[in-house]
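*Asks:* Return atomic coordinates for the entry below.
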Amino acid sequence: MNLQLLQTRLGYTFRDTGLLQQALTHRSHSSLHNERLEFLGDSILNCVVASVLYERYTTLDEGDLSRLRANLVKQQALFEIAQKLDLSQFLRLGEGELKSGGFRRPSILADTLEALLGAIFLDSGFDSARDVIRAFYIPLLDTVDPRTLGKDAKTLLQEFLQSKKISLPTYNVVATHGAAHSQEFEVECLVPKLGIQVFGRGGSRRAGEQAAARLALEVAQQALTKAPGGRKAKPRASQLKLAGIATIQSEAAAAPEQPGTKSA
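*Replies:* Predicted coordinates for the structure are as follows:
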């Protein structure tokens with residue numbers, strides 16, 4: 001286990017590597033686990049994110065700030081940060097959790113990330129923990145519209161399509177992967193009018209639908225963006241992004257199959 005690699009990704013080097021080891025230790029592994037560090041890190045995370053939002057969005061009221069913060073510190077948001085760190089390869093899990101795929105479980109990865117923040121705080125203080133948290137969130141906030149934070153991807157896609165008078169998408173589970181206790185669902189999202197077919201994956205049907213909806217929204221926005229000269233920009237034939245695969249059907253592919261012919 002290359003803990004130096006993890007510290008490089010965090011942008012922080014521990015003085016006490018014992019704290020780092022504890023932060024990465026699930027309760028299934030040993031009695032010296034990370035749950036107390038998780039409790040501490042959760043409080044620090046909420047404080048720092050609240051401070052960042054207060055500084056950045058000077059016109060938002062308390063309710064909107066609370067909504068934004070809740071969305072930024074929820075399990076899914078922390079899970080996505082943990083994935084960027086490839087945190088799963090550093091977890092210390094018991095044999096049972098290893099066999100059941102605990103290293104992929106969003107709750108375990110999110111909790112471990114919070115534990116790491118608590119460990120950084122104990123190792124060298126609030127300012128160090130704040131700097132790591134800001135490094136996670138400032139780039140994200142630079143790329144998002146605060147008016148959409150707090151709404152899930154399916155809601156955003158529905159609102160976007162309705163604004164363009166396009167029929168709502170349909171979702172279908174096309175495959176499941178893995179053992180029964182750690183299944184991953186592959187979900188198809190279709191927007192026929194735009195010839196869009198996307199696939200998202202997640203640890204539940206809902207998570208798979210959200211991943212597919214996120215991709216569908218990106219592709220739909222791209223498809224309906226007008227290029228110079230008033231023509232609509234054509235999206236790339238396919239793209240691999242986030243948790244799923246998005247494809248744009250060509251007009252020929254989207255057209256009904258003629259009698260006596262078959263697709264390749």
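*Asks:* going forward, measure contacts and count neighbours with C-alpha atoms only.
*Replies:* Will do.
*Asks:* Low-confidence bits of this structure, can you list those?
*Replies:* Judged by pLDDT under 70, the chain has its weakly predicted residues at 149-150, 180-182, 226-264.
*Asks:* measure the most centrally placed residue in it to Glu159 for me?
*Replies:* Closest to where the C-alpha atoms of the chain average out (C-alpha atoms, centre = their mean) is Glu80, at 3.7 Å. Computed with C-alpha to C-alpha, to the nearest Å, the distance linking Glu80 and Glu159 is 24 Å.
*Asks:* Asp42 too?
*Replies:* From Asp42 to Glu159 the distance is 32 Å (C-alpha to C-alpha).
*Asks:* higher neighbour count, the two?
*Replies:* Set Asp42 next to Glu159 and count neighbours by other C-alpha atoms under 10 Å: Asp42 wins out with 18 against 15.
*Asks:* number of nearby residues for Leu156?
*Replies:* Close neighbours of Leu156, defined as other C-alpha under 10 Å, add up to 16.
*Asks:* now the helices for this protein?
*Replies:* For the chain, the helices defined by DSSP state H cover 3-10, 17-23, 35-56, 62-73, 75-84, 95-99, 106-124, 126-141, 153-163, 205-223, 251-254.
*Asks:* need the ones you listed in CSV with distance to Val174, can you?
*Replies:* CSV is the format used below for those (distance: least, C-alpha to C-alpha, whole Å):
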stretch, distance to Val174
helix 3-10, 35
helix 17-23, 37
helix 35-56, 36
helix 62-73, 29
helix 75-84, 23
helix 95-99, 25
helix 106-124, 22
helix 126-141, 31
helix 153-163, 18
helix 205-223, 10
helix 251-254, 19
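*Asks:* Excluding covalently adjacent residues, which one is nearest to Ala211?
*Replies:* The spatial neighbour of Ala211 that comes closest, neighbours along the chain excluded (C-alpha to C-alpha, 6 or more residues apart in numbering), is Gly200 at 4.7 Å.
*Asks:* Let me know whether that neighbour touches Glu184 as I believe.
*Replies:* No - Gly200 is beyond contact range of Glu184, at 10.1 Å (criterion: C-alpha atoms under 8 Å).
*Asks:* quick one, which of the two is more surrounded?
*Replies:* Neighbours around Gly200 and Glu184, counted as other C-alpha under 10 Å, are more numerous at Gly200. The numbers are 27 against 19.
*Asks:* Quick check: bridge partners of the more buried one?
*Replies:* Counting by DSSP bridges, Gly200 forms beta bridges with Val187, Gly244.
*Asks:* distance of it from Leu5?
*Replies:* Counting by C-alpha to C-alpha - Gly200 and Leu5 are separated by 29 Å.
*Asks:* same check, this time on Ala23
*Replies:* 15 Å.
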